[in-house]
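Q: no sequence on this one, just coordinates:
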């Protein structure tokens, strides 16, 4: 069986958390950064992952501008803070941080 792409997997994970309450106070937020890049925040409250330990993961180096990013390449930082999975990454790395979340969630 082929592995689902990261976004399709995240959509399924989100839907599995929806129980009539969770989606009103919690959720998943994807935003852009101005350096450029992405920010991903996944609320873990009232999920199986709420109290699961996560070791901060870093790769590469964030850049201050597009030209610097082109020279440095991929970067990401992921951590769990205040019962939220938080990731910041380069403009081509959103799928990577979703996959890091997927692996930590035990979906592999």
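A: Sure thing, it's come through. These numbers come from a predicted model, not from an experiment.

Q: show me where pLDDT drops low in the protein?
A: Within the chain, the ranges that satisfy pLDDT under 70 run 1-2, 63-65, 68-69, 71-72, 107-108.

Q: In it, mark out all the strands, start to finish.
A: Secondary structure of the chain (DSSP state E): strands at 28-33, 37-43, 57-59, 76-81, 84-89.

Q: Adding distance to residue 105 and mean neighbour count, write those strands out as CSV.
A: C-betas here are computed from N, CA, C, even on glycine. As requested, the strands of the chain are exported to CSV (distance: least, Cβ to Cβ, whole Å; neighbours: other Cβ atoms under 10 Å):
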stretch, distance to residue 105, mean neighbour count
strand 28-33, 12, 13
strand 37-43, 9, 20
strand 57-59, 14, 13
strand 76-81, 11, 17
strand 84-89, 9, 20
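
Q: residues making contact with stretch 51-66?
A: Residues outside stretch 51-66 that contact it (Cβ atoms under 8 Å, 6 or more residues apart in numbering): 35-37, 44, 69, 71-80, 85, 88, 90, 100, 104.

Q: I'd like the distance from that stretch to the chain centre, please.
A: Relative to its parent chain, stretch 51-66 has a centroid offset of 10 Å by Cα atoms, centre = their mean, to the nearest Å.

Q: Also stretch 93-108?
A: Chain-centre distance of stretch 93-108: 7 Å, with Cα atoms, centre = their mean.
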